[in-house]
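In: Have a look at this fold, sequence not included:
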């Protein structure tokens with residue numbers, strides 16, 4: 001009898017702990033914006049995928065609530081301007097047709113930061129064209145391209 005009592009109490013305690021965790025988690029989850037679309041998959045030089053305004057309108061028409069902007073695509077965002085100008089960030093947000101900017105995706109830029117020399121030729125494709133064939137400069141270009149703590153963050 002005692003064994004079942006403690007087993008039952010243990011379940012109640014763990015169940016209450018789970019419920020408290022679920023309520024706390026719900027507070028965080030309710031702040032998530034989405035579903036979002038990763039624009040790098042679709043960005044190209046033909047409409048409606050060629051400008052931020054066009055591609056976000058297309059995404060909005062499909063029912064998305066946010067977009068992940070690839071930081072490496074100059075057609076969609078200029079990181080240097082974004083790091084220096086709050087006004088540019090506000091304008092960028094306004095060009096998104098009401099969709100939330102959920103992420104600045106630095107996947108490709110990040111690939112340049114820690115690439116092994118064996119893969120220099122393959123990773124040239126991720127570096128800016130003017131740095132192709134210059135692996136050391138390509139590796140070092142990835143670090144300043146990633147927005148630092150001084151970059152405006154109020155999207």
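Out: The structure has been received and is ready for your questions. Quick caveat: nothing in here was measured; it's all calculated off a predicted structure.
In: Where do the domain boundaries of the chain fall?
Out: 1-31, 32-145 (automatic domain parsing).
In: so for the last one, what's the average pLDDT?
Out: Going back to what we said before, that points to domain 32-145. Over the span of domain 32-145, the pLDDT mean works out to 85.
In: Let me know which of the domains of the chain is tucked in deepest.
Out: domain 32-145 (a mean of 16; mean count of other Cβ atoms under 10 Å). The C-beta positions use only the backbone N, C-alpha and C, and glycine is treated the same way.
In: Against residue 77, how distant is residue 92?
Out: Separation of residue 92 from residue 77 (Cβ to Cβ, to the nearest Å) stands at 6 Å.
In: shared neighbours, the two?
Out: residue 52 (Cβ atoms under 8 Å, 6 or more residues apart in numbering).
In: just the helices in the protein please.
Out: Secondary structure of the chain (DSSP state H): helices located at 2-29, 52-61, 79-84, 86-94, 107-111, 120-123, 135-145.
In: Give me the residues contacting the shortest one.
Out: Applying Cβ under 8 Å, 6+ apart, the set of residues contacting helix 120-123 from outside is 111-112, 115, 135, 138.
In: a markdown table please, covering those and showing distance to residue 54.
Out: Listed next are these as a markdown table, based on distance: Cβ to Cβ, whole Å:
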| residue | distance to residue 54 |
| --- | --- |
| 111 | 27 |
| 112 | 28 |
| 115 | 33 |
| 135 | 35 |
| 138 | 30 |
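In: Which members of those are the farthest-apart pair?
Out: Within the contacts of helix 120-123, 111 and 135 form the most distant pair, 12.4 Å apart (Cβ to Cβ).
In: Distance of residue 104 relative to residue 78?
Out: In this view, residue 104 and residue 78 are 12 Å apart by Cβ to Cβ.
In: Ok, residue 93 next?
Out: Residue 93 is 14 Å from residue 78, where distance means Cβ to Cβ.
In: My read is that residue 132 contacts residue 112, right?
Out: No - judged on Cβ atoms under 8 Å, residue 132 makes no contact with residue 112 at a distance of 11.9 Å.
In: Nearest residue to residue 111 in space, ignoring adjacent ones along the chain?
Out: Using Cβ to Cβ, 6 or more residues apart in numbering and skipping residues adjacent in sequence, the residue nearest residue 111 is residue 126, 4.9 Å away.
In: didn't that neighbour look like it was pressed against residue 112?
Out: Yes - with contact defined as Cβ under 8 Å, residue 126 counts as touching residue 112 (5.6 Å).
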